[in-house]
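**Q** Kindly generate the corresponding structure for this input.
(chains A and B)
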Amino acid sequence: MSDEREPQGEPLTPEPANEPEDFGLEPTERAHREAEERQFIEPETDEGAQELHPRSQTGAGELRTEVGAVLRLPEGGFVDPSDIDIERRDDQTMIINMGPQHPSTHGVLRLMLELDGETVLRTKPVIGYLHTGMEKTGEELTYVQGATNTTRMDYLSPLANELVFSMATEALLGVELPPRATWIRMLMCELNRISSHLLWMATNGMDLGSTTMMIYGFREREMVLAFFEKTTGQRMNHNFIRPGGVAADLPDGWQDDIDIICDTVLARTYEYDELLTGQPIFRERTEAVGNISAEEALALSLTGPMLRSTGVPWDLRRTMPYLAYDKLDFDVIVGSYGDNFDRYSVRLNEIRESIRMVRQIADMMPPGDYRVQDRKVTPPPRARIDESMEALIHHFKIFTEGFRVPEGEVYVAVESPRGELGCYLVSDGTSKPYRMHIRAPSFVNLQALPLLLRGGLMADAVASISSVDPIMGEVDR
Amino acid sequence: MSETTPTAAPPATPSGVLPDVPRLPDRLVDQLAFPGRDTYKRMVGAFRDAGFELCADLCAVDYLIHPGRSLPEGVAPERFEVVVNLLSLSLRQRVRVRVQVPESDPVVDSLFDIYAGTEAMEREAYDMMGIIFRGHPDLTRILMPEDWEGYPLRKDYGVGRVPVQFKEAPGPR
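**A** Okay, the predicted model is just below:
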């Protein structure tokens, strides 16, 4: 080929010794071939593209996952196999890409959908667009700083994230919290559940075309956030719940604020009933859409409103009480059909239950310290620093070096607005976690999407995605 | 964390069903079980049949720079550990299964056949720690890009740093 330009023979660049013959293939084709060969050489993983492939290139096992069929039910059988036609030809269907930037994907969720006309056949969520390595970051931060990291995972319920990290640290430390700290934590977490569910109602309304609900949801949530700002200094990412207690006591006049929030939000939930619950269009769009059974939900490790909507009364606040939830009187809301409407009504009624709980907490709020008076964990008060050198040193040590946590491993779970939020913490005896793993409910719940969307319409897919309530910050961490 | 005391918890595992593996009572209620890699899947299956309906969590830990940890006798520590948290709704109990996985051969059985919900969790453990789950239908990277090299949560994987400038940078004169 270079003979014409260089008649004297030797090419300028010597050819590599064992370059594969290219048989006249295009570069892209060659790349594909090489990738295939690589896969063949390393059979122990089938690491490859994360996308949804055409049926002809997908293995049977993977295909069944993507249609959401591989579920082992208690009887030992699979989901009705006749439901799923695996033998469909490529040219009858179309694979489309939804996201990562899409108005209804709640962040940067990317879905690949296989469609037959308007009907969704297979779904594959492709995630990781918001991955910032927060679990790795958590290993570099001390336990004092750790809550600032975890609070940014689920940005709609930051207090639940702080809570689970703090509870895991305290379990390793073995400190006992003063009652007021526990009750302030409960108060804040329930208010956070209200604000999180309100935002879910807002975005779910928007996905179904109700812009009114969107404005209403954001309006009510703002009231709660204003209270958070007053208490913690920030609307989101509070770093308020810390190992050893909470950062500050409740502000003066907090009971009045709570009263106003509870009265207003409760009254407004009845407006939502008028706006959505009883409205024929809304019911048509949500009832019997995105059904999931209790067995399927358990097999897929779903928790929170997703699981409760199928009729399983599992709420960690009731079934494995933490903080002081066993002293409160509240109902666990369950649905019966596991469809989008049930998930809506579970969340709506959980707002009402949370209001009930917030009122009880406000009535029963005990006096006392808002953080543990253990000098190893809690920095000395500001006044002491001016008069005592030791207090100053102590303060400095806690904030630079942190406190040492005994060796051990612990798994702690709380009920976040989205489900079981767990923290697996491994300590090697230093002031930084050796390993911090967060069991993110959104991450696990997203696995239900192939099942929720299968056989439904493309337009309903948007509603079903929203009803999972995925928070991408938490999914990708 | 559940508030019940360890003594109050009834034994979660019917005797005879489970393979004989070392166990430790956890100081925080959860029962611990340490199966070998060969008995791991069988044991999780037995737990499932014993009423642990939900696999709450699956993650991996790299013990590269913290080899000493409390393991029961007969369990040789390895570099990696796969930790599975199972939850029983009917018994209101948790059990934690911890498997040692050697660095030279980081392969364990996938739990996908038993709990379909471990699909994403095992992909994450593979992506972050490089543990290979045998029998997983689609073991690809989930959080990192497909062409990423290395496993970020391993302890020998460096953390990127941005140098902090404390003094004013010399401006262009």
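**Q** residues touching the closest residue to chain A within chain B, list them.
**A** Closest approach between chain B and chain A, counting by CB to the nearest CB: B:G117, at 2.9 Å. The way it works is simple: take the backbone N, C-alpha and C, and place the C-beta from them, glycine included. Counting by CB atoms under 8 Å, 6 or more residues apart in numbering or on different chains, B:G117 touches A:A299, A:L300, A:S301, A:L302, A:V444, A:Q447, B:L54, B:C55.
**Q** same thing with B:L143?
**A** Here B:L143 is in contact with A:I127, A:G128, A:H131, A:D476, A:R477, B:E124, B:D127, B:M128 (CB under 8 Å, 6+ apart).
**Q** same thing but at 10 Å, please
**A** Counting by CB atoms under 10 Å, 6 or more residues apart in numbering or on different chains, B:L143 touches A:50, A:127-133, A:135, A:443, A:475-477, B:120, B:123-124, B:127-128, B:152.
**Q** Might you report the residue contacts of the closest residue to the residue of chain B closest to chain A other than its chain neighbours?
**A** With sequence-adjacent residues excluded and distances taken as CB to CB, 6 or more residues apart in numbering or on different chains, B:G117 is closest to A:S301, at 2.9 Å. Going by CB under 10 Å, 6+ apart, A:S301 touches A:307, A:419-420, A:439, A:441, A:444-445, A:447-448, B:53-58, B:87, B:115-121.
**Q** run the last query once more with 8 Å
**A** Going by CB under 8 Å, 6+ apart, the list of residues near A:S301 reads A:V444, A:Q447, B:L54, B:C55, B:A56, B:Y115, B:G117, B:T118, B:M121.
**Q** What of A:I127?
**A** If you count contacts by CB under 8 Å, 6+ apart, then A:I127 has A:L109, A:R110, A:F443, A:L446, A:M472, A:V475, A:D476, B:I142, B:L143 around it.
**Q** run the last query once more with 10 Å
**A** Contacts of A:I127 (CB under 10 Å, 6+ apart): A:50, A:99-100, A:107-111, A:442-443, A:446, A:470, A:472, A:475-476, B:120, B:123-124, B:142-143.
**Q** now it: how far from A:F218?
**A** 26 Å (CB to CB, to the nearest Å).
**Q** likewise B:F34?
**A** 49 Å.
**Q** Same drill for these two, tell me which one is more crowded.
**A** Between B:F34 and A:F218, B:F34 has the larger neighbour count (other CB atoms under 10 Å in any protein chain shown), namely 21 against 16.
**Q** next SSE after the helix or strand containing A:M206?
**A** A:M206 is located in helix A:179-207, with elements delineated by DSSP states H and E. Using DSSP H and E, the helix or strand that follows helix A:179-207 towards the C-terminus is helix A:211-232.
**Q** Taking helix A:179-207 as reference, get the angle to that next one.
**A** 160 degrees (axes from the mean of the first three to the mean of the last three CA atoms, to 10 degrees).
**Q** pLDDT (mean, whole number) over the very next helix or strand once past helix A:211-232?
**A** The element immediately downstream of helix A:211-232 (helix or strand, assigned by DSSP H and E) is strand A:241-242. The average pLDDT for strand A:241-242 rounds to 90.
**Q** strand partners of strand A:241-242, parallel vs antiparallel please.
**A** The pairing partners recorded for strand A:241-242 under DSSP bridges are strand A:245-246 (antiparallel).
**Q** How many residues are close by A:M472?
**A** A:M472 has 24 nearby residues by other CB under 10 Å.
**Q** so where's chain B uncertain?
**A** B:1-30, B:160, B:169-173 (pLDDT under 70).
**Q** For it, which segments are assigned as strands?
**A** Applying DSSP state E to chain B gives strands spanning B:23-25, B:31-33, B:54-62, B:80-88, B:93-101, B:107-109, B:132-134.
**Q** Need these in CSV (columns: distance to chain A and mean neighbour count).
**A** Listed next are those as CSV, based on distance: least, CB to the nearest CB, whole Å; neighbours: other CB atoms under 10 Å in any protein chain shown:
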stretch, distance to chain A, mean neighbour count
strand B:23-25, 11, 14
strand B:31-33, 9, 22
strand B:54-62, 4, 26
strand B:80-88, 5, 23
strand B:93-101, 6, 23
strand B:107-109, 7, 19
strand B:132-134, 6, 19
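**Q** Now render these as a markdown table, adding distance to A:D256.
**A** Output for these, formatted as a markdown table (distance: least, CB to CB, whole Å):
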| stretch | distance to A:D256 |
| --- | --- |
| strand B:23-25 | 48 |
| strand B:31-33 | 47 |
| strand B:54-62 | 40 |
| strand B:80-88 | 40 |
| strand B:93-101 | 41 |
| strand B:107-109 | 56 |
| strand B:132-134 | 55 |
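**Q** For A:V224, find the nearest of the ones you listed.
**A** A:V224 lies closest, by CB to CB, to one member of those: strand B:54-62, at 28.8 Å.
**Q** secondary structure class for A:E114?
**A** Three-state assignment for A:E114 (DSSP: H, G, I helix; E, B strand; the rest coil): strand.
**Q** Let me see the contact set for A:S467.
**A** A:S467 neighbours (CB under 10 Å, 6+ apart): A:200, A:204, A:207-208, A:286, A:289-290, A:305-306, A:309, A:339-344, A:347, A:448, A:452.
**Q** quick check, A:D363 in a helix?
**A** Yes - assessed by three-state DSSP, A:D363 belongs to a helix.
**Q** For chain B, give me its nearest residue in the stretch 251-400 of chain A.
**A** Closest point on the stretch 251-400 of chain A to chain B, by CB to the nearest CB, is A:S301, at 2.9 Å.
**Q** rewinding a little: can the helix holding A:M206 be said to contact chain B?
**A** No - applying CB under 10 Å from any CB of the partner chain, one finds helix A:179-207 separated from chain B by no less than 11.4 Å.
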